[in-house]
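Participant: Provided below for reference: sequence and predicted model.
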Amino acid sequence: MRTQVAIIGGGPSGLMLGRLLEQAGVDAVIIERKSPDYVLGRIRAGVLEQGTIDLLDAAGVGARMHEEGLIHTGVDLAFDGEMLNINFDKLIGKHVMVYGQTEVTRDLMAARQRTGSKTIYEADDVAIHDFDGARPRVTFTKDGVSHMLECDVIAGCDGYHGVCRASVPENAVTTFERVYPFGWLGVLVEQPPVAEELIYAHHARGFALCSMRSNTRSRYYVQVPGDEDVKNWSDERFWDELRARLNPAIAEALKTGPSIEKSVAPLRSFVAEPLRFGSLFLAGDAAHIVPPTGAKGLNLAMSDVKALAEALIERFLEGSAAGVDSYSPTVLQRIWKAERFSWWMTSLLHTFPETGNFGRRIQRAEFDYLGGSVAAQQSLAENYVGLP
Ligand code: APR
Ligand code: PHB
């Protein structure tokens, strides 16, 4: 087997890269370790920046998003129940779209199926070879049979735990990491959202988030210790804890029900540098992780992949290496902006046991500063709605 671009990983990054290359006539094969159903079973965030909306449109997969997605012109922040509305539309004339990452993935998968592009699912023992040499290639087994895929470029879109970054010699890559001492316990429920806007709430008991997937399906989170076992959380305990962290009127309005999904996700900030090693390029969660507080993960992945697709198209269609040479420094600038914003949102909204009552007062002062400063609100809006 031979292709121009071997894409490792069939999450949103790999699928979008495959789609953009296919549109330009660059040949690519996706190799994914899991089954399509498994990939679609992961529940993740669902806030799309304008740049992501535009990219889905350009990729010809935006129709259902426009039909079913919810336009949001702002978010609410809360501190010990006190509410602060951040109106993106009034502040900077922009909005975001609430549309689940699972649905983005589903739409990209459907497009790939329509065009018959090659995706190898349930590939075992995926390994990448000679990306610093003349014969880059990928080996894997499928149904017990060994295969080799020769290629010009390997795109590492295989997430944080993938094989691509792990295959780079240790002395060739620098990693920057902060693991937060807590996670998010999330519940998906078939009930209308409690409020029109997403609510990001700081409370002495810990952070809480009220989000949604549609007008009839909601997603809620509470901050829990990092090693928390989901088994300790009955639905009843979850709803009680969520209510305790919300403004009383909001808590009163909350519509609860049996959870459809319940899981704990750790919070981490992580960046690898550089993102190119010969003919291997990293994109999406393989390159970086942001804590979900700023809703940046998917958006950052999409902007990596847009830049990578443009660079590869330039290389294969125009024979120019300029784009591939500047890929890593260019995308890292944006990545660090998103890291800063996600870290800031996380720092403001969570409780940090180690910083004590001084830390909580500083967070309160930061919240009050935000409430009193249009410039600070504009900065939040600009970062949330879409990094430049
Ligand atoms: N071989 C093949 N595929 C692999 C391997 C491997 N060794 N290791 C992991 N994968 C697959 C995973 O099964 C997964 O489907 O790579 C895919 C990576 O997908 P994601 O983890 O969703 O990462 P990405 O596509 O970059 O999407 C980024 O995910 O975590 C969120 O916030 C993040 O929204 C952002 C998005
Ligand atoms: C979600 O709906 O799952 C969600 C929304 C916003 C975030 C994180 C998660 O910042």
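Facilitator: Looks like it arrived, so ask away. Ligands and ions are numbered 1, 2, ... in the order given.
Participant: got the buried residues for the helix or strand that contains residue 302?
Facilitator: According to DSSP states H and E, residue 302 maps onto helix 297-313. Using 16 or more other C-beta atoms under 10 Å as the test for burial, helix 297-313 gives 297-309, 311-313. In this view, the C-beta of every residue, glycine as well, is placed from N, C-alpha and C.
Participant: now swap in stretch 226-243 and tell me
Facilitator: So, applying 16+ other C-beta under 10 Å, buried residues of stretch 226-243: 228, 233, 238, 239, 241, 242.
Participant: cool, and stretch 94-101?
Facilitator: 95, 96, 97, 98, 99, 100, 101.
Participant: if I pick the residue nearest in space to the middle of the chain, what's in contact with it?
Facilitator: In the chain, the centroid-proximal residue (C-alpha atoms, centre = their mean) is residue 297; its distance is 2.3 Å. Residues counted as contacts of residue 297 (C-beta atoms under 8 Å, 6 or more residues apart in numbering) are 44, 45, 285, 289, 290.
Participant: I'd like those as TSV, with neighbour count appended.
Facilitator: Listed next are the contacts of residue 297 as TSV, based on neighbours: other C-beta atoms under 10 Å:
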residue	neighbour count
44	17
45	21
285	25
289	24
290	27
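Participant: Out of those, which are close to ligand 2?
Facilitator: residue 45 (C-beta under 6 Å from any ligand atom).
Participant: how near is residue 234 to residue 274?
Facilitator: As judged by C-beta to C-beta, to the nearest Å, residue 234 and residue 274 stand 46 Å apart.
Participant: Pop out the phi and psi values for residue 127.
Facilitator: Dihedral angles phi and psi of residue 127 (degrees, to the nearest 10) take the values phi -140, psi 150.
Participant: Use 201 as the first number for this chain going forward.
Facilitator: Sure, I'll start numbering at 201, so the last one becomes residue 327.
Participant: The closest residue to it other than its chain neighbours: which element?
Facilitator: Nearest non-adjacent residue to residue 327, counting by C-beta to C-beta, 6 or more residues apart in numbering: residue 339, 5.0 Å away. If you go by DSSP H and E, residue 339 is part of strand 337-342.
Participant: after that strand comes which helix or strand?
Facilitator: Downstream of strand 337-342, the next assigned helix or strand under DSSP H and E is strand 345-350.
Participant: Distance from that next one to the middle of the chain?
Facilitator: 30 Å (C-alpha atoms, centre = their mean, to the nearest Å).
Participant: That one near ligand 1 at all?
Facilitator: No: applying C-beta under 6 Å from any ligand atom, one finds strand 345-350 out of contact with ligand 1, separated by at least 11.8 Å.
Participant: Packing partners of the following helix or strand past that strand?
Facilitator: Downstream of strand 345-350, the next assigned helix or strand under DSSP H and E is strand 353-356. Contacts defined by 3 or more C-beta pairs under 8 Å, 6 or more residues apart in numbering; DSSP states H and E place strand 353-356 against strand 205-208, strand 480-482, helix 497-513.
Participant: Quick check: which of those is nearest to ligand 2?
Facilitator: Closest of these to ligand 2 is helix 497-513, at 8.3 Å (criterion: C-beta to the nearest ligand atom).
Participant: Which positions in stretch 258-266 come out as buried?
Facilitator: Applying 16+ other C-beta under 10 Å to stretch 258-266 flags 259, 261, 262, 265 as buried.
Participant: ok, back up a step: what's the closest of the contacts of residue 497 to residue 517?
Facilitator: Nearest to residue 517 among those: residue 485, at 27.9 Å, using C-beta to C-beta.
Participant: quick one, phi/psi of the closest one?
Facilitator: phi -60, psi -20.
Participant: Which pLDDT value goes with it?
Facilitator: If you check residue 485, the pLDDT there is 98.
Participant: Can you tell me the closest non-neighbouring residue to it?
Facilitator: residue 359 (4.3 Å).
Participant: before we move on, back to that, so which of the contacts of residue 497 belong to strands?
Facilitator: residue 489 (DSSP state E).
Participant: Can you convert the contacts of residue 497 into JSON lines and add a column each for distance to residue 365?
Facilitator: Output for the contacts of residue 497, formatted as JSON lines (distance: C-beta to C-beta, whole Å):
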{"residue": "244", "distance to residue 365": "20"}
{"residue": "245", "distance to residue 365": "22"}
{"residue": "485", "distance to residue 365": "10"}
{"residue": "489", "distance to residue 365": "11"}
{"residue": "490", "distance to residue 365": "16"}
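Participant: Nearest to residue 544 among the contacts of residue 497?
Facilitator: Taking C-beta to C-beta as the measure, residue 544 lies nearest residue 490 of the contacts of residue 497, at 11.1 Å.
Participant: In this structure the closest one contacts residue 537, no?
Facilitator: No: in terms of C-beta atoms under 8 Å, residue 490 does not count as a neighbour of residue 537; the distance is 10.6 Å.
Participant: Isn't residue 493 up against residue 542?
Facilitator: Yes: under the criterion of C-beta under 8 Å, residue 493 makes contact with residue 542 at 5.9 Å.
Participant: How about the residues of the stretch 201-350 of the chain by ligand 1?
Facilitator: 208-214, 231-234, 239, 244, 301, 323, 326.
Participant: Point out the least confident one among the residues you listed.
Facilitator: Where pLDDT dips furthest among these: residue 244, at 86.
Participant: quick one: contacts for the closest residue to that one other than its chain neighbours?
Facilitator: The shortest distance from residue 244 to any non-neighbouring residue, by C-beta to C-beta, 6+ apart, is to residue 301 (4.3 Å). By C-beta under 8 Å, 6+ apart, the contact set of residue 301 is 212, 244, 245, 246, 498.
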